[in-house]
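sharing a model prediction with you, sequence too.
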Amino acid sequence: MNILPLSGWIIIIAVISVVLRKYVPEYSMMINIAASIIVLSVILYEFLPAVNQIKNLLYNTKISHDYIIILFKSLGICFITQFASDSCSDAGENSLSSKVELAGKVAIIITALPLFEKVTNIALNLIGG
């Protein structure tokens, strides 16, 4: 991924957004969200080969597929939560931003519950309980 052109476009969009914010704040926010989605899409497109390589490495280590699925679901929840939280913060809705972050944390805990259950069972078997 060539970060220079991407950074240049982001700076240009930021300048346009700041100028528009003075006159039409609604358009400024829409431009920010649209630009964020486009940048996120570019990043994900560039990151897919790395995800495939990570999957191959994890599959070759004979780690349970359940753990790998939990890992990738949690990673996805983190990215989506951060994007939503940043969008709320940019819109000036800091209380909504914190609620989105809380929802993301709860979603990760719920996603990881099967893993916690397995770890607890292993610990109980080691203790003899």
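Perfect, thanks for sending it. Numbering: from 1, shown residues only.

only C-alpha atoms for contact and neighbour calcs from this point on.
OK.

can you pull out the helices in this protein?
3-23, 25-60, 65-90, 94-127 (DSSP state H).

format those as a markdown table; extra columns: mean neighbour count and mean pLDDT.
Below are the helices of the chain laid out as a markdown table (neighbours: other C-alpha atoms under 10 Å; pLDDT from 0 to 100):
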| stretch | mean neighbour count | mean pLDDT |
| --- | --- | --- |
| helix 3-23 | 13 | 86 |
| helix 25-60 | 14 | 85 |
| helix 65-90 | 16 | 87 |
| helix 94-127 | 14 | 91 |
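
residue nearest the centroid of the chain?
By C-alpha atoms, centre = their mean, the chain has its centre lying nearest to Phe79, at 0.3 Å.

how near is that residue to Gly92?
20 Å (C-alpha to C-alpha, to the nearest Å).

now for the residue nearest to the centre of the chain: which residues touch it?
Shown in contact with Phe79 (C-alpha atoms under 8 Å, 6 or more residues apart in numbering): no residues.
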